[in-house]
Every structure is written in C-alpha cells, then in structure tokens.
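A.B. asks: All I have is the shape, not the residue letters:
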C-alpha cells in the first residue's frame, strides 16, 4: 500500500505542476493575446470613426459649395468648423477648425501627416485591411492558447483518473 500512496503523491505533484503551468504561463499568454487584440481593435475602430467623420466633412463641404454656386458666389471661401474637442476624462473644450478640408492623421510612431480629405480616406482604406489582419492574427493566437489550456486540463483529468483505483474486470463467458 505504501507504493500506492507514493503513486498518489506523484500524481498530485504532477497535477499541481500542470495547474501552475496553466496559471503561470498559459493564462498569462492568453491575457497578452487578448490585450494585443483589444488594442489593435481599438485602433481599427478609431480609424473607422475617422473615416466616417471625413465622409461627413466631405458631404458638408459639398453642400456648402453647392449653396455657393446656387447663390452665384463662385469665390465662396471655406467656412471654419466649430466643434468640441475631448481633452481627456470626458472634459470638452470648444475649438475652431479654420480649414476643415485638411486633417492630420496619426500614421504611427508618433508621426502625424496633414492630408486632404480624399487622401486621408485613401490612406485609411489601405490601413484598415492590415489592422483587420492583425486582429485576426491575435484572435488565432488566443484560440491556440485556449486550446492548449484545454489540452492540459484534459491531461490533468486523465491523471486524476489514473489515481483512482481500478475495479477488477469480471470475465463473462
């Protein structure tokens, strides 16, 4: 019987080792994958929102131009845009954009480029598919880590079943 207790303690040690591996390594990796996915998804959402804002600005600019043409005012100037800017923590301040036909776009690494509205739309159209691919890559990595966690839990379950005494099988003729 002493050998049986030793085997049970070995199984318990292995189970504990696998549980520590899941908690210490795999779940940490899963959290990293999910955080990276969330960051890229947020960036994707920000560029999509910028795209919608630019489309709205373009429609507004076209409407103003059409009104100027209808009023026979061919030399109509660009009217400034009044807006509210979020400074952080939902604290807003009034702002005036003197030329709403150009925007500054964050192109990464802390660089902002001034682009015409159409140029910005083209840049965003090129950027969004790469962000979608990154989101999918992080999603696939998270699924891979989740499957590893599942496999290790199944291994723990099998180890626990080995620890339980086997019932003698009865032969039936």
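C.D. replies: Received, thanks. Treat the numbers as computed from the prediction; the structure is a model and nothing was measured.

A.B. asks: show me where the protein has strands.
C.D. replies: Under the criterion DSSP state E, strands of the chain are mapped to 81-86, 92-97, 102-108, 111-116.

A.B. asks: Who are the contact partners of residue 52?
C.D. replies: Under the criterion of CB atoms under 8 Å, 6 or more residues apart in numbering, residue 52 has no neighbours. C-beta here means a position set from N, CA and C on the backbone, and glycine is covered the same way.

A.B. asks: just to revisit the earlier point, need the winner for burial among the strands of the chain.
C.D. replies: strand 102-108 (a mean of 14; mean count of other CB atoms under 10 Å).

A.B. asks: Give me the mean pLDDT for the biggest helix by length in the chain.
C.D. replies: With secondary structure taken from DSSP state H, the chain has its longest helix at helix 117-163. Averaging pLDDT along helix 117-163 gives 93.

A.B. asks: again, but for stretch 32-50
C.D. replies: Averaging pLDDT along stretch 32-50 yields 96.

A.B. asks: how close does residue 139 sit to residue 40?
C.D. replies: 10 Å (CB to CB, to the nearest Å).

A.B. asks: Please say which of the two ends up with more neighbours.
C.D. replies: Between residue 139 and residue 40, counted using other CB atoms under 10 Å, residue 40 has the larger neighbour count: 20 against 15.
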